[in-house]
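Undergrad: task: produce atomic coordinates for the following.
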Amino acid sequence: MGARHLELVRDSPAYDASEWPLFVVTMPPVPLGADGFRAHLEGCRAPYRRMQPFVMLINMGRHPPLDADQRRAVSHAIKAYNERYPGLHRALAIVVRSRLERGIVTAISWVAKPPYPFAAFETVDEAKAWLLEKL
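TA: Model (predicted):
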């Protein structure tokens, strides 16, 4: 009888500052509830607290598209964080898997009007390369 390998499914985002000033957020493959999404937005505030310039990569590769309430919350958080911590966030790259999700990223950018470059990419490597150029 062979050993069975179980893949653990993370149900919350992972935050990684090990390549600082690159801050990486990896979204889980499952949707976040309202409380989980609020906690996620608070997690995205962590790099601001360092009071040093940074760039952020959000990997949405396996995460379902954000719903309308989540998109509004993201737009609000982008505006609020940049008002409270002006000039720290230098660029935002989001890795998505479809044209629909790329359109959602564009819509959030239009609504939030961040003062830094904001773009969608198909791979983490492309996103990282672009972000490092923005530093």
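
Undergrad: any weak-confidence spans in this protein?
TA: The model of the chain has pLDDT under 70 over residues 1-9.

Undergrad: scan the chain for its longest helix.
TA: helix 68-84 (DSSP state H).

Undergrad: how about that one: buried residues?
TA: Using 16 or more other Cβ atoms under 10 Å as the burial criterion, the residues of helix 68-84 that qualify are 70-71, 73-75, 77-78, 81-82. (C-beta placed from N, C-alpha, C; glycine too.)

Undergrad: from those residues, which is closest to Ala107?
TA: Of all the buried residues of helix 68-84, Arg71 has the smallest distance to Ala107: 6.9 Å, by Cβ to Cβ.

Undergrad: so the residue lying closest to the closest one once chain neighbours are set aside is in which element?
TA: Nearest residue to Arg71 in three dimensions, chain neighbours excluded: Ile108, at 5.6 Å (Cβ to Cβ, 6 or more residues apart in numbering). Ile108 is part of helix 99-112, with elements assigned from DSSP states H and E.

Undergrad: having no further points to raise, I will conclude here.
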